[in-house]
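Undergrad: Sequence and predicted structure below; questions after.
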Amino acid sequence: MGFPGTWMTESESLVYRVVPKCACSTIGQIMYFSDHGRFFDGDIHDATTGLHKWAQEASQPLIEANVKAHRSPAFTCVRNPYSRILSSFFDKICGIQRNGKRYRGNLVPLIIQKYGIDVGGEDGRAEFDQIASFRRFLLFVRDTIRWKKPMEPDIHWSAMSGHISTFIVNGGRYDRIFFTEKFNEGMQSVLNLASLRHQVDLATIPRFNESEGHGPARAHPVEAYFDDLSMHLMWEIYRKDFQLFRYDFDNPANKLPKGDIDLAEVHARLGD
């Protein structure tokens, strides 16, 4: 199994378990900068040099050896499940991707046909009922996660705890898990653990939101998208995420966590 979704600086100063839709573009660029003194020119997900990634075969033995010996600080980042799933919807379902096409080819037509969602027409620019469409998308998400139908769950909406657990189960230990909503504070706590080739000033680092502009802007506050049924589905899908990462399930309007993450509890519950 190894360590899927894991990135490591070439200097082996930092090890990061990627969680999609949780500031991963910005984190990857910070790691790249800390080694090279410059940012990667383009989307960091497209980089094939300058950063070790588990998806690159040559990087795998280096990452595995480092993680199993815990030679470097290992970390990841989480986000409020309500805003994360909304971001996935507007980016991946409603948006046109970098290649000028819909995400995953026939995925969007499939959901339009089977769940009756609207995505704003061919280019995603037409007006549509965002709330009704999102709630139908959430039914689709639940079906993929609970029954793996009509397809396997996608990494962008599968639970954060699932991504994070693979690192633990296969022999890794996290030194930090921080909140997207408190990014500078959390990222600084990680950088403080590492010996970096190039110092990073988080106050001046741009945010690399590679999904921005892919889809329509969210027209309503987060809480408007979640009625009682939607919240029931969110609990069914993301219960562990709310519990382990201390997010407020009862109030979708509160994006901030209610407390600190207990790393010992995360390792115990996700290490089975």
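TA: Thanks, I have the structure now.
Undergrad: now Ile168, what's its secondary structure?
TA: helix (DSSP: H, G, I helix; E, B strand; the rest coil).
Undergrad: For it, give me its contacts.
TA: For Ile168, the contacting residues are Tyr174, Val266, His267, Leu270, Gly271, by C-beta atoms under 8 Å, 6 or more residues apart in numbering. C-beta: built from backbone N, CA, C; applies to glycine.
Undergrad: again, but for Leu193
TA: By C-beta under 8 Å, 6+ apart, the contact set of Leu193 is Pro73, Asp175, Arg176.
Undergrad: Let's see that with 10 Å instead.
TA: By C-beta atoms under 10 Å, 6 or more residues apart in numbering, the residues touching Leu193 are Ser13, Leu14, Ser72, Pro73, Ala74, Phe75, Asp175, Arg176.
Undergrad: How many residues are close by the fifth one?
TA: Translated: Ala74. The local packing of Ala74 (other C-beta atoms under 10 Å) involves 25 other residues.
Undergrad: Only C-alpha atoms, please: export stretch 167-178 in CSV.
TA: What follows is stretch 167-178, C-alpha atoms only, in CSV (Å, rounded to 0.1, in the frame of the first residue of the first chain):
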residue,chain,number,x,y,z
PHE,A,167,-0.5,7.3,6.4
ILE,A,168,-1.0,6.0,9.9
VAL,A,169,-2.0,2.5,9.0
ASN,A,170,1.1,2.0,6.8
GLY,A,171,3.5,3.1,9.5
GLY,A,172,3.5,7.0,9.5
ARG,A,173,3.1,9.3,12.5
TYR,A,174,1.9,12.9,12.2
ASP,A,175,3.7,15.7,14.1
ARG,A,176,1.1,18.3,13.2
ILE,A,177,-2.4,18.4,11.8
PHE,A,178,-3.6,22.0,11.4
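Undergrad: same question for that stretch, mean pLDDT?
TA: The average pLDDT within stretch 167-178 is 98.
Undergrad: just how off-centre is that stretch within its chain?
TA: Stretch 167-178 sits 16 Å away from the centroid of its parent chain (C-alpha atoms, centre = their mean, to the nearest Å).
Undergrad: Show me which residues of that stretch are buried.
TA: Phe167, Ile168, Asn170, Gly172, Tyr174, Asp175, Arg176, Ile177, Phe178 (16 or more other C-beta atoms under 10 Å).
Undergrad: and if you look at stretch 182-202?
TA: Across stretch 182-202, burial judged by 16+ other C-beta under 10 Å covers Phe183, Gly186, Met187, Val190, Leu191, Ala194, Leu196, Val200.
Undergrad: how long is it end to end?
TA: Using C-alpha to C-alpha, to the nearest Å, one end of stretch 182-202 lies 12 Å from the other.
Undergrad: and the two most separated of the buried residues of stretch 167-178?
TA: Using C-beta to C-beta, these span at most 21.6 Å, a distance reached by Asn170 and Phe178.
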